[in-house]
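Undergrad: only geometry, no sequence info:
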């Protein structure tokens, strides 16, 4: 990240809140500082910046500090001992309300944490608070600001998670991605977004949006932290990898290449050149014909499932829905099973065919977003470059390698074959090093 | 069903509670009786039989009657106007507690109905109550009795749903199937169990057990009612079919044939002979080699997902878990991601290969259960004949075509290719007619 940005790590090198989760764990376990000091630093950052950024839907500073003090008095429980993290507000928590970005869920208190929250807490992590989400993880705007340019959107629907991580309030936050809700805000805010293979992180206690696509993932400032949380959430201590050899990279422009703005075209082409010069194999992967159909078929499945998923809320509370969600539900309830099943059958074929994209390469290098974060908060950006991979169930990751004409981040997107998270993270590490990010 | 059974329809022909949902809707809309009279008849049946059967986890008779009276005062809202139904107690309801079969959830009140409940209510159906479930839809026993033989298990985990439908308390009840939790109790209780293709009925608000397998389905006494509810839940008014031609039936003994008791062997062989004599094409389908591996690989996925799904409850409340669930979670938390992913990759291959089973036939005819319901309540029966198809995501249905040595039902199981519910229901109707069931 550029040194001129308010979220820059180099600008506040001494601040505990600016450390990675990995550095926090090492410092706490090494006795160099306490979990309470870390939590206090994060909360102070929140207090200083929240009036402008508006990343948090719920936060209880006293409770968070008490949990940190308790961590300091007890032996390390696991790999995340003492690390504060943020939880997107469509993910249930037992000790803080879960409002789903909707007035219908104001003050809602589930009985227990979502599984992904419980697993992190079992490993010693501490919930700092709930991050602002678009209503039911949809496309309605939020009032969160992009911390790198307050007059711009941070992207959605994991708006608060991306903003909080970018603004050094927490090292890691959870997101969910049904279309592009993790990678797009991560790109707009200049941080790392990671969506693993569908089903990798347990979805229990996460409000479903469109269950065929919904995927829990991570937003962080370092690949160390992505790997650390991914190891805990997937019961795989071997997620951490340091690649010895340059990756084989496939440039994949997608059927949407013409919608990419100049900064995204430049990001991909500069990246291809830089990686090739650094010793990676870089080849162009042609776009299969079926990509042209995917966007429309995804829309059918998305609307059908979103409408059914909100059947209860639709019945008793549709007056409180955003215009965007009303339109989605009306569209979805009008879709018959036949059309839905046909789209599902086609998408299953595309998922199988997607293996062919990786015959000669380890990862695809592909646009993440059309360009920099749009002006204003009314539109959270175009999800089409991200949603392709969510629909295909492939693991994807964005790295903030580039800047656009306004000095704002433009991420590249890396995609690997199903279940090849280790390959993806290894390639991301090698690639990130070429750009001084990750 | 045999006329000698306490649950027989012919024993109480005049009772409104003994009608099918289809007959109830017609009678109410035709002005022959009221929704209140139907609800009252069902509640009276519950009052008479519940002390012995113990099918219900939660029930508010006054609220149910009030809802029925409201239905009588308002125009028909949809295809299910005035029909009482039961909801397995792992499925959330806004107006009745949802206890998940666990003391940890005693009195738990979610904010809204599960999507599948909301969709039925939007079509006019009325929740009579919550039916008893095994703890978190697992394998722990319940205290529900088989209404056909009170000293025997009704099967699980949808114990109360099967018992309530068999005992004429409601025409239809919801179940969930992760292994064999709909079809096994349906078979043991002599009613119809229907599990559609994975993902057909929306899972939002249903407590997940193992998310790769969990499927919402139906228990009913007639195929009319299965089709009626399936149409509403899948937004498909064309689910109703009357087949003109005899189905092509493949006898599929599975790799577990040697575990079938004589009554199940007889059920399959008699059915094959009867259907062939009646004009159906009946051929033997050889069992592919991969079936031998499926049961073990299913167990890996099941344990890994169940453990993670209960991560929160495991942390704060494992003392309240059954010994069965503790064993599953301990096994599951010990499974690393690598083993889980390997099993997932294999199972995905089996799902694709399963299309080959239907190259020459419309449906498979295969054992549903080893035999009659076991004695006692301590063991809810063997799920292996049912869980194969849940894992493969194929639609399956049991029909109570046969009786065992103790006069108790032994269902056959019919299975169709992915998304071929219409074919499955059509074949079930033709086959059922040969046996006077359905």
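TA: That came through fine. This one's a predicted model, so the numbers in the text were calculated from it and none came from an experiment.
Undergrad: quick one: residue A:363 and residue A:421 touch, right?
TA: No. Using CB atoms under 8 Å as the test, residue A:363 is too far from residue A:421 to be in contact (11.2 Å). Using the backbone N, CA and C atoms, a C-beta is placed for each residue, glycine as well.
Undergrad: Distance check, the residue nearest in space to the middle of chain A against residue B:344.
TA: Nearest to the geometric centre of chain A sits residue A:182, at 2.7 Å (CA atoms, centre = their mean). Separation of residue A:182 from residue B:344 (CB to CB, to the nearest Å) stands at 22 Å.
Undergrad: repeat for residue A:298
TA: Going from residue A:298 to residue B:344 by CB to CB gives 23 Å.
Undergrad: Likewise for residue A:254?
TA: According to CB to CB, residue A:254 stands 27 Å off from residue B:344.
Undergrad: Helices of the stretch 301-438 of chain A, residue ranges please.
TA: Counting by DSSP state H, counting those that start in this stretch, the stretch 301-438 of chain A has helices at residues A:311-317, A:323-333, A:337-353, A:384-391, A:421-435.
Undergrad: Quick check: which of those helices is buried the most?
TA: The highest mean neighbour count among those, using mean count of other CB atoms under 10 Å in any protein chain shown, belongs to helix A:384-391: a mean of 25.
Undergrad: Between helix A:337-353 and it, find me the angle.
TA: Put simply, helix A:384-391 runs at 90 degrees to helix A:337-353, going by axes from the mean of the first three to the mean of the last three CA atoms, to 10 degrees.
Undergrad: what packs against helix A:384-391?
TA: In terms of contacts (3 or more CB pairs under 8 Å, 6 or more residues apart in numbering or on different chains; DSSP states H and E), helix A:384-391 is packed against helix A:291-309, strand A:396-403, strand A:409-415.
Undergrad: again, only using 7 Å
TA: Judged by 3 or more CB pairs under 7 Å, 6 or more residues apart in numbering or on different chains; DSSP states H and E, helix A:384-391 is in contact with helix A:291-309.
Undergrad: between the helix it packs on and helix A:337-353, how big is the angle?
TA: Orientation check (the same axes, to 10 degrees): helix A:291-309 against helix A:337-353 gives 130 degrees.
Undergrad: and helix A:291-309, anywhere near chain B?
TA: Yes. Looking at helix A:291-309 against chain B by CB under 7 Å from any CB of the partner chain, the contacts come from A:308, A:309.
Undergrad: And that helix, what's buried?
TA: Within helix A:291-309, the residues that count as buried by 16 or more other CB atoms under 10 Å in any protein chain shown are A:291, A:294-295, A:297-309.
Undergrad: returning to that earlier point: the residue nearest to the residue nearest to the centre of chain A when sequence neighbours are not counted: neighbour count?
TA: Excluding its sequence neighbours, the residue lying closest to residue A:182 (CB to CB, 6 or more residues apart in numbering or on different chains) is residue A:175, at 3.9 Å. As a burial measure, residue A:175 scores 32 neighbours (other CB atoms under 10 Å in any protein chain shown).
Undergrad: now residue A:252
TA: Residue A:252 has 22 neighbours, counted by other CB under 10 Å.
Undergrad: Provide a list of residues in contact with it.
TA: Contact partners of residue A:252, counting by CB atoms under 7 Å, 6 or more residues apart in numbering or on different chains, are A:285, A:287, A:364, A:365, A:366.
Undergrad: And the furthest pair within these?
TA: The span of those, defined through CB to CB, is set by A:287 and A:365 at 13.5 Å.
Undergrad: Counting neighbours around each, name which of the two comes out higher.
TA: Applying other CB under 10 Å to residue A:287 and residue A:365 shows that residue A:365 carries more neighbours, namely 26 against 16.
Undergrad: interface residues of the stretch 51-200 of chain A facing chain B?
TA: Close to chain B, as judged by CB under 7 Å from any CB, the stretch 51-200 of chain A has residues A:105, A:108, A:111, A:112, A:113, A:115, A:118, A:119, A:122, A:199.
Undergrad: List the residues that contact the third one.
TA: Looking back up the chat, that one is residue A:111. Counted by CB under 7 Å, 6+ apart, residue A:111 has contacts A:94, B:105, B:108.
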